[in-house]
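Peer 1: One predicted model, sequence on top.
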Amino acid sequence: MKAAIIGGTGIYSISEDFIPTKITTPYGEVVVNILTFPKNKKEIIFLPRHGMNHKLPPHKINYRANIWALKELMVTHVFAINAVGSLNPRQRPGQLAIFTDFIDATKNRPATFFDGETGVIHTSMADPYCFELRRIITEQSKTKGLQFHKSIYVGTEGPRFETAAEIAVYRQWGADLVGMTGVPEVVLAKELGLCYAGIGIITNWATGIAHDHQRDEIISTVEENRRVLTEFLFELTQAKDLNQKNCHCKNATMIM
C-alpha cells in the first residue's frame, strides 16, 4: 500500500528530499514528488495541486491527469489538503476539518474517467471520503493534540470567490465549508478505487459571514498549520499499516 499527499494553496513543497518525477497519463503530463524513507523503504508521493508556484487556477487544474498519475504510481491512499472558507460559526479560521460528504456546485469541469467508451459505469458516492481513513485520522490525531471538525464540503467553480447569496444557499443546503478544488478530485479518486480523505485548513470566513477575504490572512493561516499537519500525515503513513480491507473504496464502481 502506498500513500500520497495532495497539497493545496500554500503547500507546494513539504520536504527537500523529494525527487521530482514526470508521469505521462492519457490526460497529460504530471510532475509529482517522490520520497523514500530509508528506515522502511516506504514511498510517499507529494503532488502540489496548483503546481509548484501556484500557477494553475482551480478551474484549470488537470484533475484527471493528477489522479491517474497517482494510480499509475500504485498509490492506494490519498490525503488531500484544501484551504477552505467556513460557513459554520462553530468551525473557525485557524482550525482543521475532515470532510464527511460533499456538494458539487462546479459547472465546467471534466468530472469522470467514464465517458461511455467502455460501457456505462456508475460510482457509489455513499461514502466519498473513505470512512476507514477518516477513522484513522481522527484516532491518531488525539495522540498529537490535533482536533478535526467533521464537515460537509461544497465545491465551487472559482476562480472568483462565492457571493453572499450563494453562501446563504449553501448554508441552507447543510454545507459547513466551501472550496474550489475538492471536486471533482474526490470523485475521480473514488472512480479509480483509491481511499481518499479530504482535510481542510479553515483559512477564512465565507463571503457574508464576516469580513471579506484577505490574501495575507489566508496564506498565514495555511502556513501556521502546514508544518504540523504534514508532519502528522508523514508519521501516520509510516506508523499505520494502511490497507483496503475495512472499506469499500476499491469496489465503488458498478458496470451496467
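Peer 2: Structure received.

Peer 1: so which strand or helix has the residue positioned nearest the centre of the chain?
Peer 2: In the chain, the C-alpha nearest the mean C-alpha coordinate belongs to Ala80, at 2.7 Å (C-alpha atoms, centre = their mean). Under the criterion of DSSP states H and E, Ala80 resides in strand 77-86.

Peer 1: for that strand, the distance to its chain's centre please.
Peer 2: 4 Å (C-alpha atoms, centre = their mean, to the nearest Å).

Peer 1: Any regions of the chain where pLDDT drops low?
Peer 2: Across the chain, the ranges flagged by pLDDT under 70 are 8-15, 38-40, 118, 211-216.

Peer 1: all strands for it, in order.
Peer 2: Assigned by DSSP state E, the strands in the chain fall at 3-7, 19-25, 28-36, 43-48, 77-86, 96-105, 121-123, 148-156, 177-179, 195-205, 253-255.

Peer 1: and Cys247, which of the ones you listed is closest to it?
Peer 2: Cys247 lies closest to strand 195-205 among the strands of the chain, at 6.1 Å (C-beta to C-beta). All C-beta atoms are positioned from the backbone trio N, CA, C, and that covers glycine.

Peer 1: So which residues of the stretch 51-200 of the chain form helices?
Peer 2: Using DSSP state H, counting those that start in this stretch, the helices assigned to the stretch 51-200 of the chain run over residues 63-72, 131-141, 164-173, 185-191.

Peer 1: Deepest in the core, which of those is it.
Peer 2: With neighbours defined as mean count of other C-beta atoms under 10 Å, these peak in mean count at helix 185-191, which reaches a mean of 25.

Peer 1: who's in contact with that helix?
Peer 2: Contact with helix 185-191 is made by 6, 49, 63-64, 66-67, 70, 78, 80, 99, 102, 104, 111-114, 121, 123-125, 128-129, 196, 198, 249, 252-253, as judged by C-beta atoms under 8 Å, 6 or more residues apart in numbering.

Peer 1: Likewise for stretch 141-154?
Peer 2: Contacts of stretch 141-154 (C-beta under 8 Å, 6+ apart): 82, 84, 87-88, 90-91, 95-105, 137-138, 170, 173-179, 182-183, 198-200, 202, 228-229, 232, 235.

Peer 1: rerun at 6 Å
Peer 2: When contacts are defined by C-beta atoms under 6 Å, 6 or more residues apart in numbering, stretch 141-154 is touched by residues 91, 96-103, 105, 170, 174-178, 182, 232.

Peer 1: For the nearest residue to the residue nearest to the centre of the chain once chain neighbours are set aside, which residues are in contact?
Peer 2: Leaving aside its chain neighbours, Ala80 sits nearest to Ile6 (4.3 Å; criterion: C-beta to C-beta, 6 or more residues apart in numbering). Ile6 is in contact with Leu47, Arg49, Ala80, counting by C-beta under 6 Å, 6+ apart.
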